[in-house]
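Asker: one predicted model, sequence on top.
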Amino acid sequence: MVTEEQLQRLRNDLPWFCANFIKIRPKSGGTVDPFVFNKAQMTLHNFIENIRKEKQPVRVCVAKGRQQGCSTYVCARYLHRAIMYPGTPVFILAHISDSTDYLFKMVKRMFYNLPPQLQPKVGTSNRKELKFSALDSEYALGTAGSELIGRGTTPLLLHMSEAAYYQNTEEISTGLMQGIPTTPESEIIVESTSNGVGNMFYNLCMKGIDPNSFSRYKTIFLPWYWQDEYRQKVSREIKTSDEEDELMELYGLDLEQILWRRVKINDEFEGDIWRFKREYPMNLSESFITSGSTLLKNEVVQRARKTEIPRQTLSARVLGVDGADSGDRTVLVLREGKKILWYRVYTDMKPMRLAGIIAKDIDTWQLDMVFLDVAYGYGCRDRLKELGYGGRTQTVHFGEKPLEPELYRNKRAQMYGFMKEWFDEGGCDIPDEDDFVKELCMIPGFKVSGSRGLLALPSKDDIKKENDGKSPDIADALALTFASPVLARGLRTPQVANVDEVRLNSPLKSRRLMQRNIKNERQPSEFYVN
C-alpha cells in the first residue's frame with residue numbers, strides 16, 4: 001500500500017521519480033539506464049519549477065547546443081504528468097517525421113519500462129498516440145508540416161522540439177498554440193538549436209529576454225560546455241591559441257574541453273568556427289549567429305558583461321539618446337568612462353516628455369553631455385535649450401561628416417568605430433543582460449566603401465531587415481555616447497600626447513592617420529579620457 005507521503009513524492013519529485021523509474025537509452029548505446037538529470041536538465045527543471053511556484057503558466061524557450069538532453073527531459077516530464085495527474089492531455093510537435101517517430105519511441109520506452117504498478121492501462125496505442133482511458137490523459141505527437149496540425153486539439157502540455165526548423169509557423173501559432181489554456185497548470189516548452197534569425201523560435205526567445213515585452217515567455221540558455229561528455233582526453237602537450245586561452249579564462253574551460261572543441265571544429269565543421277558556434281553556442285548571442293562578420297567580437301562583449309568596476313567619477317558622464325516616435329522604442333544609455341551606469345527603454349515617448357526626462361537626468365546625474373539622434377532630437381533639444389540645458393545637449397546626424405573623415409564614411413561609422421575601440425581596449429563594464437548584449441552583436445563588421453577606402457556600416461534599415469525587423473536601438477544609443485569627445489572631469493590640463501598614444505594604438509587606424517600629427521590639429525578642449 002502506497003502511503004500519502006510516498007504518493008506525494010511520486011507526484012512532486014520529478015528528479016527522484018526519473019532516477020528511480022524512468023529508463024532511457026544512453027548515448028553510447030546498449031541497454032537502458034536510469035534517467036539521472038545532467039546539469040543542463042537539472043537547470044532547466046529548476047527554471048520551470050520556479051515559474052510554477054509563482055502560479056504562472058509555464059511558457060519557456062530553451063536555447064541550447066546539440067544533444068544536451070532537453071527533449072529527453074521534456075518527454076519524461078510530460079509522461080510523468082500524464083500518468084500522475086488525471087485529465088492531462090500532452091502534445092509533442094517535432095520538425096520532421098523522423099524526429100516525431102524518434103520522440104514517440106523514446107516515450108514508449110519510458111512508459112513500458114515503468115514498474116507495472118505505475119503503468120496505467122492503455123486504452124489506445126497507435127503509431128503517434130497513447131491514451132490512458134481510466135485517467136482521461138493522453139500523449140499524442142505530430143509533425144510541423146501539416147497546415148491543420150493541432151487544430152481541434154486542446155492539450156494542457158505542449159512540447160515543441162527543434163522549433164527553429166518548423167514550417168507553417170503561422171498555422172501553428174494560430175492553431176495548436178491557441179488551444180493551450182492559460183491556467184497555471186498549462187505548459188508550453190519550446191526548445192531548439194538555432195536556425196538563424198527571423199523565425200518563430202528566434203522571435204519567442206527575444207521576447208523571453210526583453211524586460212519591456214508583455215510576453216509570458218521566458219528564455220533560458222544552456223551552454224554546450226555543461227555536458228560532461230563534451231571533452232576529449234589530452235594525450236600529449238597542446239599549445240592553445242589566444243582565443244582558446246580567452247575562452248578558458250572567461251568560461252572556466254579545461255584543456256579537455258578545449259581539445260574537444262578544436263577537434264569538432266576541424267573535423268565536422270571543416271574549420272568553420274561560426275557554424276560550430278551556432279550548433280554549440282557558449283552564450284545566447286552565439287545561438288543566433290548568422291556569419292562571422294560582426295563589429296564586436298562576441299568574446300569581448302561577454303567579457304565586458306562579466307566585468308565589474310567601481311564608478312569612474314573623474315570621467316565624463318555622457319548620455320546617448322536614440323529617440324523614436326510613438327510605437328517605437330526610445331533608448332537612453334548613460335556611460336561614465338569605461339562603465340555603463342544604466343540604460344532605459346521607453347515604448348511610447350513624445351519629445352516634450354523626453355525633454356523633461358533628460359532635464360531631470362542632467363540634474364540628478366550631473367551629466368556633462370547629452371547626444372541626441374537628430375531624427376527625433378530637434379524638438380526635444382529646443383525644449384532643453386528653453387530650460388537652460390542647451391550647453392550640455394547636442395543633436396547628432398548619423399550621416400554627417402565624421403571627426404576622422406580620412407577613415408570613416410560618416411558619423412555613424414565613426415561613433416561605432418570609437419565604440420569598438422572602447423570595447424577592444426578592455427576593462428569595460430556593461431549590463432549583464434541578454435537584451436542589452438544581443439543588440440551589440442547585431443551590428444555587422446565594417447566594409448570598405450568607395451575609392452577612398454573608407455570604413456562604412458550598413459544602414460539601420462538594412463540591419464533591421466537582417467534581424468526580422470528588430471532595430472539595434474540600444475546599440476545606437478551607446479554609440480551616440482561616442483559622437484564627440486567630452487572633456488573628462490579629472491582632466492584639468494589635458495595630456496594631449498597620452499590621448500594621442502591611445503588613439504594611435506587602435507587597430508582601426510590607417511597608416512595615413514597614424515602618420516599625421518593629431519596634437520597640432522586638435523584643440524585641448526576636444527580631448528577626453530573616459
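Answerer: Here it is on my side, so go on. Residues are numbered from 1 along each chain as shown.

Asker: tally of neighbours for the nearest residue in space to residue 33 that is not next to it in sequence?
Answerer: Spatially, and ignoring its direct neighbours in sequence, residue 33 is nearest to residue 26 (5.0 Å; Cβ to Cβ, 6 or more residues apart in numbering). All C-beta spots, glycine's among them, are computed from the backbone N, C-alpha and C. Here the number of neighbours of residue 26 (other Cβ atoms under 10 Å) works out to 10.

Asker: mind checking which helix or strand residue 341 is in?
Answerer: strand 339-346 (DSSP states H and E).

Asker: tell me which residues of that strand come out buried.
Answerer: Buried residues in strand 339-346, counted by 16 or more other Cβ atoms under 10 Å: 339, 340, 341, 343, 345, 346.

Asker: the fifth one contacts residue 329, correct?
Answerer: Pointing back at residue 345 there. Yes - counting by Cβ atoms under 8 Å, residue 345 does reach residue 329; the two are 5.6 Å apart.

Asker: starting at the chain centroid, how far to the strand or helix carrying residue 45?
Answerer: Taking DSSP H and E as the definition, one finds residue 45 inside helix 39-53. For helix 39-53, the separation from the chain centroid amounts to 19 Å (computed by Cα atoms, centre = their mean, to the nearest Å).

Asker: I'd like the average pLDDT over that helix.
Answerer: The average of the pLDDT scores along helix 39-53 is 96.

Asker: can you list contacts of it?
Answerer: With Cβ atoms under 8 Å, 6 or more residues apart in numbering as the test, helix 39-53 has contacts from 14-15, 37, 58, 60, 62, 64, 68-70, 72-73, 77, 184, 187, 189, 218, 220, 222, 226-228.

Asker: buried residues in it?
Answerer: 40, 41, 44, 45, 47, 48, 51.

Asker: and stretch 165-178, by the same measure?
Answerer: Under 16+ other Cβ under 10 Å, the buried positions of stretch 165-178 are 165, 166, 169, 171, 172, 175, 176, 177.

Asker: now residue 300. Its backbone dihedrals?
Answerer: Note on residue 300: its backbone torsions stand at phi -70, psi -40 [degrees, to the nearest 10].

Asker: pull the contacting residues for it.
Answerer: 423, 424, 426.

Asker: check the buried residues of stretch 165-178 and tell me the two furthest apart.
Answerer: Within those, 165 and 175 form the most distant pair, 18.1 Å apart (Cβ to Cβ).

Asker: circling back to that earlier point, take the buried residues of stretch 165-178 and keep only those in helices.
Answerer: Among the buried residues of stretch 165-178, the members falling in helices (DSSP state H) are 169, 171, 172.

Asker: look up how far residue 200 lies from the second one.
Answerer: Just to be clear, that refers to residue 171. 11 Å (Cβ to Cβ, to the nearest Å).

Asker: low-confidence stretches in the stretch 351-500 of the chain?
Answerer: Low-confidence segments of the stretch 351-500 of the chain, defined by pLDDT under 70: 468, 490-500.

Asker: can you show me the helices along it?
Answerer: 351-365, 374-386, 411-424, 434-440, 460-466, 473-480, 496-504 (DSSP state H, counting those that start in this stretch).

Asker: make JSON lines from these and add mean neighbour count and distance to residue 7 to it.
Answerer: Shown next, in JSON lines, are the helices of the stretch 351-500 of the chain (neighbours: other Cβ atoms under 10 Å; distance: least, Cβ to Cβ, whole Å):
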{"stretch": "helix 351-365", "mean neighbour count": "17", "distance to residue 7": "56"}
{"stretch": "helix 374-386", "mean neighbour count": "18", "distance to residue 7": "61"}
{"stretch": "helix 411-424", "mean neighbour count": "22", "distance to residue 7": "56"}
{"stretch": "helix 434-440", "mean neighbour count": "22", "distance to residue 7": "40"}
{"stretch": "helix 460-466", "mean neighbour count": "14", "distance to residue 7": "54"}
{"stretch": "helix 473-480", "mean neighbour count": "26", "distance to residue 7": "50"}
{"stretch": "helix 496-504", "mean neighbour count": "14", "distance to residue 7": "68"}
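
Asker: so where's the stretch 201-350 of the chain uncertain?
Answerer: In the stretch 201-350 of the chain, residues with pLDDT under 70: 289-292, 326-327.

Asker: hang on, the earlier thing: between the helices of the stretch 351-500 of the chain, which one is nearest to residue 85?
Answerer: helix 434-440 (33.1 Å).

Asker: coming back round to it: mind putting the buried residues of strand 339-346 in JSON lines, distance to residue 483 included?
Answerer: Shown next, in JSON lines, are the buried residues of strand 339-346 (distance: Cβ to Cβ, whole Å):
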{"residue": "339", "distance to residue 483": "18"}
{"residue": "340", "distance to residue 483": "16"}
{"residue": "341", "distance to residue 483": "18"}
{"residue": "343", "distance to residue 483": "17"}
{"residue": "345", "distance to residue 483": "20"}
{"residue": "346", "distance to residue 483": "20"}
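
Asker: before we move on, back to that, where does the helix or strand that the helix holding residue 45 is followed by sit relative to the chain's centre, distance-wise?
Answerer: Remark: after helix 39-53, the chain's next helix or strand is strand 58-64, criterion DSSP H and E. Distance of strand 58-64 from its chain centroid, counting by Cα atoms, centre = their mean, is 12 Å.

Asker: strand partners (parallel or antiparallel) of strand 58-64?
Answerer: Taking DSSP bridges as the criterion, strand 58-64 forms sheet pairs with strand 187-192 (parallel), strand 218-222 (parallel).

Asker: if we can go back for a sec, pLDDT score for the residue nearest to residue 33?
Answerer: 83.

Asker: roughly how far does residue 56 sit from residue 182?
Answerer: Relative to residue 182, and taking Cβ to Cβ, residue 56 is found at 9 Å.

Asker: who touches both of these two?
Answerer: Common neighbours of residue 56 and residue 182 (Cβ under 8 Å, 6+ apart) are residue 216.

Asker: who has more neighbours, the two?
Answerer: residue 56 (14 against 9).

Asker: what separates that one from residue 210, distance-wise?
Answerer: 17 Å.

Asker: need the nearest residue in space to residue 271, chain neighbours excluded.
Answerer: residue 265 (6.3 Å).

Asker: element containing that neighbour?
Answerer: Counting by DSSP H and E, residue 265 is part of helix 255-267.

Asker: for the helix or strand just after that helix, buried residues please.
Answerer: Once helix 255-267 ends, the next helix or strand along the chain (criterion: DSSP H and E) is helix 273-279. Under the neighbour-count criterion of 16+ other Cβ under 10 Å, helix 273-279 has 274, 276, 277, 278, 279 buried.
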